[in-house]
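In: could you work out the structure for the sequence below:
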Amino acid sequence: MPPPQTRDAKMEPGTLKGHAAMGAAAVIWGLMSPVSKLVMQGGEVSSASLATFRLLGAAVLFWLASCFVPREKIDPRDRLNLFYASLFGIIFNQMAFTVGVGFTSPADAAIITTITPILTMILAAFVLREMITGRKAAGVCASAVGAVLLITGGSHTPAAPGDNNLLGDILCLASQCSVAVYFVFFKRLIGKYSPVTLMKWMFTYAVCACLPFTFREVSSVPYSSLPLQTWTGIAYVVVLATFVSYICLSFAQQRLKPTAVSMYNYCQPVIASSVAVLWGMDQFGWLKTLSVLLVFTGVFLVTRGKAPAAMQEQ
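Out: Predicted structure coming up:
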């Protein structure tokens, strides 16, 4: 193994690719909450059904993708760990978040996602010995303030009939705690296998665990009468917001530290707000401009912070 090199101002190619992958995932996830709400607002597709579509659709797509990549053998000792990774990274994360968005507003869900980098930074410090420097803490706080200002500074749709904001917010919070555990505790496992192999088995475990509980709701969906808009939204959630984004996530986790990966949560409200401006649904004022600057300043501070040599080898 070559000796660890000191990181200079120039970003390594692998690290740059990791940031590009997380940037792509952030763009996709930034639009997922409003698209999911659009799919569910008609009443034909429940939150549990949409969450099941995500798991089942992604499992099928990853198995198909595995036919076009070199086959990898899973170490028998890792099979149980893959189930646990699926539990925290997919089942608790996706099911809780998708169901939570069904009860609360996309704005509330977006606000709650801002806690993930903070939880990840704390867990990484204890579990992976990732240093919490003043620069890193300042970056996390700056991005958190920017994201919350961006989300709370605009006008939002009032609660729809049947919404339960408290329950939805609790489920979204549980989702973020779960993904923080996944980012930190399964970093070494994620580094052992390719993204397709990893996700193929994780989504398979997730479907086996969830389908017995959601099969009745999934089978009661009136598929023949669903409008094209709903089908398009489902396709976006399954193909882009799950299949493509999880490939990007796994790819980035192999190249970046957990805190750096989780910082991209702060980019999601920025992306959603920017798309609203481009579509003529909103406009940039001084508050939005300040919020965006805070978010990206925080991301820059965290992702450019120096790491110990031990972290570079992981």
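In: and S225, what does it touch?
Out: E44 (Cβ atoms under 8 Å, 6 or more residues apart in numbering). Every C-beta, even on glycine, is put in place using the N, C-alpha and C of the backbone.
In: what do you get for F62?
Out: With Cβ under 8 Å, 6+ apart, F62 has these contacts: V196, M199, K200, F203, F243.
In: and for A142?
Out: L294, V295, T297, G298, L301.
In: same thing but at 6 Å, please
Out: For A142, the contact set (Cβ atoms under 6 Å, 6 or more residues apart in numbering) comprises L294, T297, G298.
In: what about these, which are in helices?
Out: L294, T297, G298 (DSSP state H).
In: which of the contacts of A142 are buried?
Out: Neighbour-count burial (16 or more other Cβ atoms under 10 Å) applied to these gives L294, G298.
In: nearest to L211, of the contacts of A142?
Out: Distance to L211 across the contacts of A142 (Cβ to Cβ) is lowest for G298, with 39.2 Å.
In: nearest to G23, out of the contacts of F62: which one, please.
Out: Proximity of those to G23 (Cβ to Cβ) peaks at F243, which lies at 17.5 Å.
In: dump the ones in helices among the contacts of A142 into CSV; add distance to A180 and pLDDT as well.
Out: Shown next, in CSV, are the ones in helices among the contacts of A142 (distance: Cβ to Cβ, whole Å; pLDDT from 0 to 100):
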residue, distance to A180, pLDDT
L294, 21, 72
T297, 22, 74
G298, 17, 71
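In: could I get those residues as JSON lines with distance to H19?
Out: Listed next are the ones in helices among the contacts of A142 as JSON lines, based on distance: Cβ to Cβ, whole Å:
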{"residue": "L294", "distance to H19": "19"}
{"residue": "T297", "distance to H19": "16"}
{"residue": "G298", "distance to H19": "14"}
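In: which of those residues lies closest to I170?
Out: G298 (26.3 Å).
In: what strand or helix carries the closest residue to the closest one other than its chain neighbours?
Out: Using Cβ to Cβ, 6 or more residues apart in numbering and skipping the chain neighbours, the partner closest in space to G298 is S143 (2.9 Å). Element membership of S143, judged by DSSP states H and E, is helix 134-152.
In: what about that helix, average pLDDT?
Out: The average pLDDT within helix 134-152 is 72.
In: and that helix, how far from the chain's centre?
Out: Put simply, helix 134-152 sits 18 Å off its chain's centre (Cα atoms, centre = their mean, to the nearest Å).
In: what of stretch 234-244?
Out: The answer for stretch 234-244 is 12 Å, by Cα atoms, centre = their mean.
In: can you pull out the helices in the stretch 201-314 of the chain?
Out: 228-235, 245-253, 258-262, 267-278, 286-303, 309-313 (DSSP state H, counting those that start in this stretch).
In: which stretches in this structure count as strands?
Out: Along the chain, no segments are classed as strands by DSSP state E.
In: on that earlier part again, and the contacts of F62 as CSV, adding pLDDT, distance to D78 and neighbour count?
Out: Converted to CSV, the contacts of F62 look like this (pLDDT from 0 to 100; distance: Cβ to Cβ, whole Å; neighbours: other Cβ atoms under 10 Å):
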residue, pLDDT, distance to D78, neighbour count
V196, 90, 16, 22
M199, 91, 14, 28
K200, 93, 13, 24
F203, 93, 16, 28
F243, 93, 22, 22
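In: quick revisit: quick check: the gap between the residue nearest to G298 and T104.
Out: 22 Å (Cβ to Cβ, to the nearest Å).
In: so the two - more neighbours on which side?
Out: A direct count of neighbours by other Cβ atoms under 10 Å for S143 and T104 places S143 higher, at 29 against 25.
In: hang on, the earlier thing: closest one of the contacts of F62 to S178?
Out: Taking Cβ to Cβ as the measure, S178 lies nearest F203 of the contacts of F62, at 15.5 Å.
In: any idea how far L64 is from the closest one?
Out: Using Cβ to Cβ, F203 is found at 12 Å from L64.
In: ditto for P212
Out: Following Cβ to Cβ, the distance that separates P212 from L64 is 24 Å.
In: those two: which is more packed in?
Out: L64 (12 against 9).
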